[in-house]
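Student: This is a predicted model, with the sequence first.
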Amino acid sequence: MSTTAIDLSVQLGRLRLPNPILVASGTFGYAREMAGLVELGRLGGILPKTITQEPRRGNAPWRTVETPAGMLNSIGLDNDGIEYFLARHMPFLSGLGVPIIVSVAGRTMEEFIGLAARLSGVPGIAAVELNVSCPNVSHGVDFGADPASCERVVAGARRACELPIIAKLTPNVTDIAAVARGAEAGGADAISVINTVLGLAVNWRKRRPMLGNGMGGLSGPAIKPIALRCVYQVAQAVRTPLIGIGGIAAIDDLMEFLVAGASAVQLGTVNFYDPTASIRMVEALPAALAEAGVRRVADLVGTLTLGAAAPRPANLAPPAPTTTSN
């Protein structure tokens, strides 16, 4: 199949993106920092660092710790507040010619709704993502852990804001599908799955945690199987489009999330160690879709069938025979 006939665009409720490859909030700064490394206009969307109503200093250091196949972070939503963001960062972001999805976090339902209302009608903003799932701040997951609370905050933001609304969910719950149904009932245009997995790193010699805030959020390749599981489970439970997040670093990761049920993805931790990965994925996507025998991203979404294991790749040696002793 010719790659010239491939349509990379995706529709997430009222939000249309030129391609399904976005960069996640908290991993890409305010985009200005990446301008010399990444062709920003080729991305499917940019999520700047999460903003709050008032400025926040964030958590005490250490704020990040490397782990095997990942990273723990406890930044604590350090930012200068919504008014500073609108005055200092939006003029640059709005000129990039790429959808800008603003991530917001509130301590109360009223703050979430107020933030959404303040962003409504601001030129250059394509959508609002409600970060109801940050594990590094007090009450950060309150609205993402309970289906009814999630429904209320999404519904309130939607009433207050004319922009598409995205709910970002945490995996640190018993039943993420139930919370996703709450977001859908509230009118979310899309649901982001997942935020970081709560974890702990310790210095055993000092008998102390390595992060200043104690626990933090684990991200990177280590959480990809968890994220894929969550995307698949949520896709079976709701009709709302999903944005997959968690350990995505290469084109095969993207394709796995698409077949599991995500219509788009956000790249996070990879931006720290390979900031050009997103553009390579944009370039590789047409050929990957052609290889899959589809002409549109939507034709691949949710095509995973659970059952018998996939055939073993031909380039891998067969497993060694097992022996038993009497």
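Tutor: Here it is on my side, so go on.

Student: make it CA atoms for all contacts and neighbour counts henceforth
Tutor: Will do.

Student: those helices in this protein, which residues are they?
Tutor: Along the chain, counting by DSSP state H, helices occupy 82-84, 90-94, 109-119, 142-145, 147-160, 176-185, 224-237, 251-260, 270-273, 277-291.

Student: Of those helices, which shows the lowest average pLDDT?
Tutor: Comparing mean pLDDT over the helices of the chain, the weakest stretch is helix 142-145, at a mean of 84.

Student: Run through who's touching that one.
Tutor: The contact list for helix 142-145, computed with Cα atoms under 8 Å, 6 or more residues apart in numbering, reads V132, S133, S149, C150, V153, K168, L169, T170, N172, V173, V179.

Student: My read is that the second one contacts V193, right?
Tutor: By that I understand S133. No - using Cα atoms under 8 Å, S133 and V193 do not qualify as a contacting pair, with a distance of 10.0 Å.

Student: if I look at those two, which residues touch both of them?
Tutor: Common neighbours of S133 and V193, counting by Cα under 8 Å, 6+ apart, are K168, L169, T170.

Student: Adding neighbour count and distance to G199, write the contacts of helix 142-145 out as JSON lines.
Tutor: Formatted as JSON lines, the contacts of helix 142-145 follow (neighbours: other Cα atoms under 10 Å; distance: Cα to Cα, whole Å):
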{"residue": "V132", "neighbour count": "28", "distance to G199": "18"}
{"residue": "S133", "neighbour count": "25", "distance to G199": "14"}
{"residue": "S149", "neighbour count": "19", "distance to G199": "24"}
{"residue": "C150", "neighbour count": "28", "distance to G199": "23"}
{"residue": "V153", "neighbour count": "25", "distance to G199": "26"}
{"residue": "K168", "neighbour count": "25", "distance to G199": "19"}
{"residue": "L169", "neighbour count": "29", "distance to G199": "17"}
{"residue": "T170", "neighbour count": "26", "distance to G199": "13"}
{"residue": "N172", "neighbour count": "17", "distance to G199": "10"}
{"residue": "V173", "neighbour count": "15", "distance to G199": "14"}
{"residue": "V179", "neighbour count": "24", "distance to G199": "21"}
